[in-house]
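Undergrad: sequence unknown, structure follows:
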């Protein structure tokens, strides 16, 4: 994390600004955000951001491969396949943990992938409000 930016963010945080932020988020679809919005930005250097992007692109290369469905068919328990499934999801989200490797460098480690759209409209608007 870029400590100077984190400190600057923390020093400028106020309860009033947080309320304005929540009000702005709620303004597009009043009452629809029924969960606590407690995320805070993290400030990472560009080289680590690029590691995360590279990891995402490597994963997408695997799941976009024409043989992916065949290769993973045995992982889905019998009777649990989605009927009328299309070739690829229209949405995908990656959740990464930030880990330290043996050399002491930060590296992203995949925690989970999600292929459903439940929060995507919120995720598009959220950075605009930040």
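TA: Noted; the coordinates are in hand. Keep in mind the model is a prediction, meaning the values are calculated, not measured.

Undergrad: now residue 39: closest residue in space that isn't a chain neighbour?
TA: Excluding the flanking residues, the one nearest residue 39 by C-beta to C-beta, 6 or more residues apart in numbering is residue 126, at 7.9 Å. No exception for glycine: its C-beta is placed from N, CA and C like everyone else's.

Undergrad: surely that neighbour and residue 25 touch.
TA: Yes. Using C-beta atoms under 8 Å, residue 126 is in contact with residue 25, at 6.9 Å.

Undergrad: what do these two both touch?
TA: Overlap of the contact sets of residue 126 and residue 25 (by C-beta atoms under 8 Å, 6 or more residues apart in numbering) is empty.

Undergrad: where does pLDDT dip in the chain?
TA: 117-122 (pLDDT under 70).

Undergrad: helix or strand for residue 80, which one?
TA: Element membership for residue 80, per DSSP states H and E: none, as it lies in no helix or strand.
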